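K.L.:
Quick one, structure for this:
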Amino acid sequence: MSNTSNSNTSNTDMSLAPEATQARLTKEELKTHLRFLQSALDVQDAVNASGIALALHELYAHLLRSNYGTTRAKQHPAATMFLIKLSELNGWENSLHEAYDMAEIAVVTEIELTKEKLAKLESAGV
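P.N.:
Residues are numbered from 1 along each chain as shown. Sure, this is the predicted structure:
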């Protein structure tokens, strides 16, 4: 990454679903989204690269179904966390920790926001 500050801003900006996209997600879609976000955190203890790759594929499919678009999907912080874990298993551990830390913060934040949105839908009886 030649321009670190620009790259960091880009990943941070793309961490959350566009408000219009979130507004269209149903309660079940929000629950699915939450499961995928949590899986990005859970996979950090995994050692099976093929299982991680499959979960990453499923994450991308989910993001595309959720109207993130190709660019936003591939730059989503949850995807970054999966890719970093695969890179660590491949021996690239030390150079990626800063990117991981940023991605983890973005995923945890998105989990909290998705839970809030889901709670609002549930309290509204939707």
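
K.L.:
how about low-confidence regions in the chain?
P.N.:
Within the chain, the stretches with pLDDT under 70 are 1-23, 93-96.

K.L.:
burial count for S123?
P.N.:
8 (other Cβ atoms under 10 Å). Any C-beta I mention is one placed from the backbone N, CA and C, and that applies to glycine too.

K.L.:
in stretch 103-111, what counts as buried?
P.N.:
Within stretch 103-111, the residues scored as buried using 16 or more other Cβ atoms under 10 Å are A103, E104, A106, V107, E110, I111.

K.L.:
Excluding sequence neighbours, find me the nearest residue to the last one.
P.N.:
Excluding the flanking residues, the one nearest I111 by Cβ to Cβ, 6 or more residues apart in numbering is L37, at 4.8 Å.

K.L.:
residue contacts, the one you found?
P.N.:
Counting by Cβ atoms under 8 Å, 6 or more residues apart in numbering, L37 makes contact with A78, V107, E110, I111, T114.

K.L.:
Any idea how many residues pack against the first one?
P.N.:
Same thing as A78. Residue crowding around A78 was assessed by other Cβ under 10 Å; the count is 29.

K.L.:
For S123, see how far away it is.
P.N.:
A78 sits 26 Å away from S123, going by Cβ to Cβ, to the nearest Å.

K.L.:
One more: K74?
P.N.:
Distance from K74 to S123, by Cβ to Cβ: 34 Å.

K.L.:
Next: G91.
P.N.:
According to Cβ to Cβ, G91 stands 48 Å off from S123.

K.L.:
do E88 as well
P.N.:
In terms of Cβ to Cβ, E88 sits 40 Å off from S123.

K.L.:
Which neighbouring elements make contact with the biggest helix by length in the chain?
P.N.:
Longest helix of the chain, by residue count under DSSP state H: helix 97-123. Applying 3 or more Cβ pairs under 8 Å, 6 or more residues apart in numbering; DSSP states H and E, one finds that helix 97-123 makes contact with helix 4-13, helix 27-42, helix 77-89.
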